[in-house]
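**Q** Structure here, sequence nowhere to be found:
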């Protein structure tokens, strides 16, 4: 049995260390956890254990395909050379027609965080200006909040939570999205620490917490401000930290004391007794850890929500406290793969024209000088995860050519002209870093590519060869450089950032990118040197200079229900949706309060229609008393007719996000809908 080491490249907190087991016939027969990975410690989530079924799934795309006629669903096999020639000739024709590759748009999603997924971007950068979809759909608002408050915040080792006396899980659901962190949470409680979950509904994580606090959607910032106001009144804030390590406290605290406390209570949905309880526990339980999740950013006021929580962490004196502090996705992760890949280039690289992922259909339509004529999707299923999906489909129909690189015929691949089959992380080499435990490791190649699949690096090299065959010298992307040679070219960067002398040291397992952030007293932990309770930079983004109260959006009368799509451990957006046993418990159903069902004449299991001004879906009803009466919740990415639930998601921006990623995030949780009964019993 052959054994190789791997790092799961998915968009997930855990970035698990994995071991591939390959039999004497060269077939992947088992995937297990890597016991040498000091964070994931030999355990995987259910998705990790399903990789053998994923790799050999009968529906997997294993050779290039072309759809003729367009949008017909009539797919036929095509050779790599023929497919690459079609794409290369179109690229060259567009470059000759418009004088650059600006008419070509690259959309790279978070489906794979391996360094080599940047290959196509750097191929295009080596040719000339092109168009690149940029931004973060989910976390841009939080990152920008940290830029405003800290000037950037250094990584903090998540195992440090173990040394806390109190942990506030604020909109985080690690039992579904970061299962390895649950071991730390369990140990914290065993050692006498307390865990409080703040969320809109009790989640799987609530079973492992000491207390659950229900907050109104978008009311997280109001709750943080209400807690901090109590601490100011009771004189339990850390004035030593405020004096020595912050600016703007006087203006911010003055506003806190003048704001109507009842308004904070009303917006947060948390009564004053619970607010006072949390404030007292924070004051009495140092060190305190705060873990804000991604969901609380997905509102129009998401950035201000995060800034208010930041202010509570700082003013309570927990920013530097040993064992306490703020835990969040590493802000440096955003630029990591770009830095690594660009370090290996000596030739000129061109900057792209940027368009926002948050409103991609609108952004593409605004590109008129020159217009977009060709689209390339990689690691992205935008027509399931994006915004204004119906408009995006129309935009794709206007293209002269659309290419998708994927493992399956996803919603996005299905409307493309050509699909290139990509390898999985077991069929190629790559370098993968984590944004939570902050380790980086190498994916070794365990098996030969299934069918005719190629890695994204190999696809880019093959395309470069075809371009240069048609027009010699047109592309300077390194066509013959092997994975090992690429790794060798990354070595100077690795020496600086991982403190190793040779990339081969990573073959033994993942290593930390940098040491954990220093503890209390080292102002280097704040990039700006001082925490900013007030910053004029916020005004440039349309936000108040202090983290004051910004009310969440209210539903219009025609669409009175907030529609939330939440996560479960069995899925990761649309990935793994082809693995049947993972999807058995994820039904196309929408959860609602029984009072809503009674009012509308809906019974358990009925087919219901959920709709708003841009689309509609059909799902089965599920009655759940834990769901508030003004909210509808689903855990499925598609409805009964395989329609993505995001057809209901309009272009709706978060208040922050544009500083770091170039564009605001998406206020997914401000999707408002109405509901009506369909056929009884789901018939």
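**A** Okay, I see it. Owing to the predicted nature of the structure, the values given are computational and were not obtained by experimental measurement. Numbers count the residues shown, from 1 in each chain.
**Q** Domain map for the protein?
**A** Per automatic domain parsing, the structural domains of the chain span 89-137+332-426+452-500, 156-199+219-329, 561-682.
**Q** Can you tell me which of those domains has the worst average pLDDT?
**A** Lowest mean pLDDT within these: domain 561-682, a mean of 91.
**Q** re earlier: got the domains of the chain as a markdown table, with mean neighbour count and distance to residue 143 columns?
**A** To be clear about C-beta, it is placed using only N, CA and C from the backbone, and glycine gets the same treatment. What follows is these, written out as a markdown table (neighbours: other C-beta atoms under 10 Å; distance: least, C-beta to C-beta, whole Å):
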| stretch | mean neighbour count | distance to residue 143 |
| --- | --- | --- |
| domain 89-137+332-426+452-500 | 20 | 7 |
| domain 156-199+219-329 | 21 | 8 |
| domain 561-682 | 20 | 5 |
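**Q** Could you save these as JSON lines and add columns showing distance to residue 58?
**A** As requested, these are arranged in JSON lines below (distance: least, C-beta to C-beta, whole Å):
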{"stretch": "domain 89-137+332-426+452-500", "distance to residue 58": "11"}
{"stretch": "domain 156-199+219-329", "distance to residue 58": "28"}
{"stretch": "domain 561-682", "distance to residue 58": "9"}
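**Q** These: which one's closest to residue 28?
**A** Closest to residue 28 of these is domain 89-137+332-426+452-500 (C-beta to C-beta; 5.7 Å).
**Q** Please tell me how far the closest one is from the chain's geometric centre.
**A** 19 Å (C-alpha atoms, centre = their mean, to the nearest Å).
**Q** got it, and stretch 270-278?
**A** Relative to the mean C-alpha coordinate of its chain, stretch 270-278 is positioned 32 Å out (C-alpha atoms, centre = their mean).
**Q** and residue 568, that one's in a helix?
**A** No. Per DSSP: H, G, I helix; E, B strand; the rest coil, residue 568 lies outside any helix segment and is coil.
**Q** mind starting the numbering at 2 from now?
**A** I'll keep to 2 as the first residue from here, and by that count the last item is residue 569.
**Q** what sits against it?
**A** 177, 205, 586-587, 636 (C-beta atoms under 8 Å, 6 or more residues apart in numbering).
**Q** Also residue 10?
**A** Neighbouring residues of residue 10 by C-beta under 8 Å, 6+ apart: 16, 113-115, 118, 426, 431, 433, 444.
**Q** TSV for these, including secondary structure and distance to residue 560?
**A** Putting the contacts of residue 10 into TSV (DSSP: H, G, I helix; E, B strand; the rest coil; distance: C-beta to C-beta, whole Å) gives the following:
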residue	secondary structure	distance to residue 560
16	coil	38
113	coil	35
114	coil	35
115	strand	40
118	helix	37
426	coil	41
431	strand	43
433	strand	41
444	strand	45
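**Q** Just give me the closest of the residues you listed to residue 390.
**A** For these, the minimum distance to residue 390 (C-beta to C-beta) is 21.7 Å, reached by residue 113.
**Q** So that closest one sits against residue 380, correct?
**A** Yes. With contact defined as C-beta atoms under 8 Å, residue 113 reaches residue 380; the gap is 4.5 Å.
**Q** Just to confirm, which residue in the protein is farthest away from the center?
**A** Residue farthest from the centre of the chain, counting by C-alpha atoms, centre = their mean, is residue 473 at 39.4 Å.
**Q** Next, that residue: secondary structure please.
**A** coil.
**Q** No more questions from me, cheers.
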